[in-house]
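Visitor: predicted model and sequence below, questions to follow.
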Amino acid sequence: MPLRARGDDLNQMTVKPLVSLAHVSKVFANGTVALEDLDMDVREGEFLSLLGPSGCGKSTALRLIANLADVSSGRIIWPTGGSAKSDIGFVFQEPTLMPWATAYENVYLPLKLRGVSKSAAQPKIMDALALVGLADFAHVYPRELSGGMKMRVSIARALVTEPKLLLMDEPFAALDEITRFRLNDDLLRLKQAKNVTVIFVTHSVYESVYLSTRIIVMAARPGRVVANIEVDAPYPRDEAFRLTPVYTEGCKAASAALHGAMATHEHL
Amino acid sequence: MSDNAPSRTFEAFSKYGLPLLLAVGLLGYWEWSVWFHEVPPYKLPSPSAIWGALVRDWPVLSTSMWVTFQTTMAGMVLAFIGGVALGILLGMFKTAENALFPYAVILQVTPVIAIAPILLIYYSPPTVVLLTAFLVTYFPVLSNTITGMRSTDRGLEALFDLYGASTWHKIMLLKLKSALPYILTGFRIGGPLALIGAVVAEIVAGTAGAGSGLAYRIIESTYRLNVSRAFAALFLLAVMGIVIFYALVLLTHLLLKSWHESALQKER
């Protein structure tokens, strides 16, 4: 069944968000205002992209949601209960794998830290590895894997706990375009298979439109939201989607918002 | 590659053949000049005379070697354990480092040869030998462990935080693993120093009229103008140092071979 992007219809608006950021600000110790008065609802099941130039606080927003950093003011609210808060997968900019452990052991880590025994974890680990197409590489060390494969292991590790919310911090930024396109398609497939809510940080307009049901465009200094763009196209999407008017319009709108926020006084 | 085989043969020759050839040449020259200039053995014994002393005095020398070896090993292993344990503590907790590190430095920078006679007032010579071996060894282990504990990948630390890892898990599954190459470097620097510490203490204790280690044999033999035996004891000390060093190199290789750059074969 194709998943409709969330429009502005009333029915959707009454659904409780998975997580809400209310007037969230983050000021670092050196005085940098990373985020100022950020308001944001993340709806269950959506693929939300945070799009913006470097320094707009998009990565900071992810870290705050993951509770890896503390808000300076404002609140992060989990309306569906506290369990969702600990039910998060995180994919970092770098693959962030333990070099001394095989792909299998790396994927096992989140379960190991939660006290899941090796035998109980085994099918879950193999499922996660199969999901990213690396079942045959379970006992290979990270150094023997390509950049794209390392990122796949990292994604498998984030999904092995079956999280409700998957946070991704520019995961494909360091990869070549061919690998990146393939991983984009794989990610959409995973998202549908696992029905996970995704927040995806990127600075690529095209990537955000291709992947997302909704894009929040942010501007820097101080980090703030400048636009909220719905991408009203059903999944599954493939290369043909890049030729549709919805895609083109989405890219136009996102680019315009991005440039509007920077045009007058900012330089890249 | 066809031109690889000869270059590999040459590499093997230059690695093993050249040093051997050099040793044969130097020993031959030594033997010849002692014979040619008719140097008396109490001034400079020939290599063959030293070998003769080694064989003739083997019962005495081997007993002494065993004594020195045991105390050196005990001091070294205690220093490894103590250095790593204290390094973990100081690496994890800044307050502990602030309180204890200055004393670790003081113990390190004070010349051991100056501490040994004072220690002899309070402890028996074997204990002092062990203590000095410990004192010279633990510091490189300690400071390398601290550096290793502090060099953990920030992303991996965030990952452990995300899954709510306990301090125990963070130390055992993350920090110690990533500190391992540093710790082993500390072992390779500190291990051979243990032998120096032991020899220094034996010499100091020996002049006080006690002890039966190899260093004591050297002193005793020179007093008796039995220079061949002194050289034989020196030779055995050198062998011990070589064995300790390469045992630690082997340990490093075994522990790191599967993942760390320093232990990997370069492929081309």
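Guide: On my side now, so go ahead.
Visitor: now do the same contact list for residue 47.
Guide: By default, I'm working from chain A. A:188, A:191, A:197, A:198, A:200, A:211, A:212, A:213, A:214 (CB atoms under 8 Å, 6 or more residues apart in numbering or on different chains). Using the backbone N, CA and C atoms, a C-beta is placed for each residue, glycine as well.
Visitor: was after chain B, sorry
Guide: Per CB under 8 Å, 6+ apart, neighbours of residue B:47: B:27, B:30, B:31.
Visitor: poorly predicted segments of the stretch 1-150 of chain B, please.
Guide: B:1-6 (pLDDT under 70).
Visitor: closest point of it to chain A, which residue?
Guide: residue B:148 (12.8 Å; CB to the nearest CB).
Visitor: phi, psi of the residue of the stretch 101-250 of chain B found nearest chain A?
Guide: Minimum separation of the stretch 101-250 of chain B from chain A (CB to the nearest CB) falls at residue B:155, amounting to 3.7 Å. Main-chain torsions, residue B:155, degrees, to the nearest 10: phi -60, psi -40.
Visitor: equivalent analysis for residue A:17, please.
Guide: phi -70, psi 160.
Visitor: and it, how far from chain B?
Guide: 21 Å (CB to the nearest CB, to the nearest Å).
Visitor: now do the same contact list for that residue.
Guide: A:41, A:42, A:43, A:44, A:79.
Visitor: mind checking the SS state of the second one?
Guide: If I follow you right, that is residue A:42. strand (DSSP: H, G, I helix; E, B strand; the rest coil).
Visitor: starting from the helix or strand hosting residue A:21, tell me which strands it pairs with and how they run.
Guide: Using DSSP states H and E, residue A:21 sits in strand A:17-27. Sheet pairing of strand A:17-27 (DSSP bridges) gives strand A:33-43 (antiparallel), strand A:73-77 (antiparallel).
Visitor: okay, those in TSV with distance to residue A:61 next?
Guide: Formatted as TSV, those follow (distance: least, CB to CB, whole Å):
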stretch	distance to residue A:61
strand A:33-43	6
strand A:73-77	10
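Visitor: pick the most buried one from the ones you listed.
Guide: strand A:33-43 (a mean of 19; mean count of other CB atoms under 10 Å in any protein chain shown).
Visitor: chain B: which of the contacts of residue A:17 is nearest?
Guide: So of the contacts of residue A:17, ranked by how close each gets to chain B (CB to the nearest CB), first place is residue A:42, at 17.3 Å.
Visitor: tell me what that closest one is bridged to.
Guide: Going by DSSP bridges, residue A:42 forms beta bridges with residue A:19.
Visitor: show me what contacts it?
Guide: A:17, A:18, A:19, A:20, A:48, A:65, A:165, A:197, A:199.
Visitor: again, 6 Å this time
Guide: Contact analysis of residue A:42 by CB atoms under 6 Å, 6 or more residues apart in numbering or on different chains lists A:17, A:18, A:19, A:48.
Visitor: closest one of those residues to residue B:52?
Guide: residue A:19 (84.0 Å; CB to CB).
Visitor: re the thing from before, now render the contacts of residue B:47 as TSV, adding distance to residue A:126, neighbour count and secondary structure.
Guide: Below are the contacts of residue B:47 laid out as TSV (distance: CB to CB, whole Å; neighbours: other CB atoms under 10 Å in any protein chain shown; DSSP: H, G, I helix; E, B strand; the rest coil):
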residue	distance to residue A:126	neighbour count	secondary structure
B:27	61	15	helix
B:30	66	16	helix
B:31	67	14	helix
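Visitor: which of these come close to chain A?
Guide: Subset of the contacts of residue B:47 in contact with chain A: empty, counting by CB under 6 Å from any CB of the partner chain.
Visitor: how close does the closest residue in space to residue A:140 that isn't next to it in sequence sit to residue A:34?
Guide: Of all residues not flanking residue A:140 in the chain, residue A:103 sits nearest, at 5.6 Å (CB to CB, 6 or more residues apart in numbering or on different chains). Distance of residue A:103 to residue A:34, given as CB to CB, to the nearest Å: 34 Å.
Visitor: same thing with residue B:223?
Guide: Residue B:223 is 75 Å from residue A:34, by CB to CB.
Visitor: might you report the residue contacts of the residue of the stretch 101-250 of chain B closest to chain A?
Guide: A:92, A:94, A:96.
Visitor: so where do the helices sit in the stretch 51-200 of chain A?
Guide: A:58-65, A:103-113, A:118-131, A:147-159, A:177-194 (DSSP state H, counting those that start in this stretch).
Visitor: name the helices or strands packed onto the second one?
Guide: Under the contact criterion of 3 or more CB pairs under 6 Å, 6 or more residues apart in numbering or on different chains; DSSP states H and E, helix A:103-113 touches helix A:118-131, helix A:147-159.
Visitor: using CSV, lay out the ones you listed together with distance to residue B:134 and mean neighbour count.
Guide: CSV is the format used below for the helices and strands packed on helix A:103-113 (distance: least, CB to CB, whole Å; neighbours: other CB atoms under 10 Å in any protein chain shown):
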stretch, distance to residue B:134, mean neighbour count
helix A:118-131, 39, 16
helix A:147-159, 42, 23
